[in-house]
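Visitor: no sequence for this one, just the structure:
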Ligand code: F6P
């Protein structure tokens, strides 16, 4: 192997630049020539490659985004697109690839490898942390910290106005960002696809939470929750508890930007180096990850198809730390009965 190319693809994530830097510098350390592909798979199809020297990655370790740009390529989904991409890589003499991205990126890389045999090692780069084969993905820690900074601010105003906030975070169809943001942000609930709650369950749980002496409430909602988006869930809760002042905040793409945290810079650097060393050891069609602090290589096939479960301990603790005492089912039944009768009395009085 003499010449490798690195590219970023799919949703950008803070720390991708640190990973590019590591690939370029590690490549040179081992005597390889390193090229950067601009705009992911689209760049391969368009022949948009440039040689990168050590200085081309100076001063980027601290920057969000990706200096190589990113894209979700439609053209690469076609056999013609992939053929063109391969022809261009051949033209540039590329004999190995480092793909920094998520599930879609590795699905493309696997297909590309099966058709043209070009060795490829992937680095998990996505804020979603939804990849099997690594404890954490590049960008996840930064995204969670960005959510926390926002939740802390929302908490101030929620408290001042005694309101309930439903805060929607990203994560595609997983709740990794939601669960850690909820714990770190001291939220009462994390609503996420892994919990499989319907709106009725959510309302019941929320009612239980609001019956404490708290005057403001924070609920984190994963964008991919199956019972609906934060706005829909908040409307249903408002219908059930009309007296509650409810607001919705969607954090959106703010979660994708910003300087990577120390954890993301170190992880990205480690994975970038691991990818180059993997290619040199003839590893291919694998994603490099860190599991229990140890560098590991997992087949793309597994990474793409297997689900990484959310640690139950994490979702369980949100409820415990919510500040309500555990009730035995019989106690819960009794307090629900008491609540019902208070309501009935109130209703009768108002008549
Ligand atoms: O995969 C990263 C991610 O930010 C997801 O959390 C989100 O669902 C999606 O990308 C948004 O994609 P886009 O930037 O293309 O709208």
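Guide: Yes, it's here. Please read these numbers as outputs of a predicted model, since none were measured by experiment.

Visitor: around the ligand, pick out the residues from the stretch 251-351 of the chain.
Guide: Within the stretch 251-351 of the chain, the residues that sit near the ligand (Cβ under 6 Å from any ligand atom) are residue 256. The C-beta positions use only the backbone N, C-alpha and C, and glycine is treated the same way.

Visitor: residue in the stretch 251-351 of the chain nearest to the ligand?
Guide: Among the residues of the stretch 251-351 of the chain, residue 256 lies nearest to the ligand; the distance is 5.5 Å by Cβ to the nearest ligand atom.

Visitor: quick one, what contacts that residue?
Guide: Residue 256 makes contact with 11, 12, 13, 14, 64, 127, 139, 143, 170 under the criterion Cβ atoms under 8 Å, 6 or more residues apart in numbering.

Visitor: got phi/psi on it?
Guide: Geometry field for residue 256 lists phi and psi as phi -90, psi -10, criterion degrees, to the nearest 10.

Visitor: check it and give its pLDDT.
Guide: With respect to pLDDT, residue 256 scores 98.

Visitor: how about the strands in the protein?
Guide: Taking DSSP state E as the test, the strands found in the chain are 3-8, 33-37, 49-51, 96-101, 120-124, 164-169, 189-191, 217-222, 246-250, 286-291, 294-299.

Visitor: ok, the fifth one: who's next to it in the sheet?
Guide: Using DSSP bridges, strand 120-124 pairs in its sheet with strand 96-101 (parallel), strand 286-291 (parallel).

Visitor: list the contacts of the last one.
Guide: The list of residues contacting strand 286-291 from outside it, by Cβ under 8 Å, 6+ apart, reads 106, 121-124, 131, 133-136, 267, 270-271, 274-275, 278, 295-300, 303.

Visitor: low-confidence ranges in the stretch 151-300 of the chain?
Guide: In the predicted model of the stretch 151-300 of the chain, residues 209-212 satisfy pLDDT under 70.

Visitor: most proximal residue of it with respect to the ligand?
Guide: Per Cβ to the nearest ligand atom, the residue of the stretch 151-300 of the chain with the smallest distance to the ligand is residue 170, at 3.2 Å.

Visitor: no further queries at this time; thank you.
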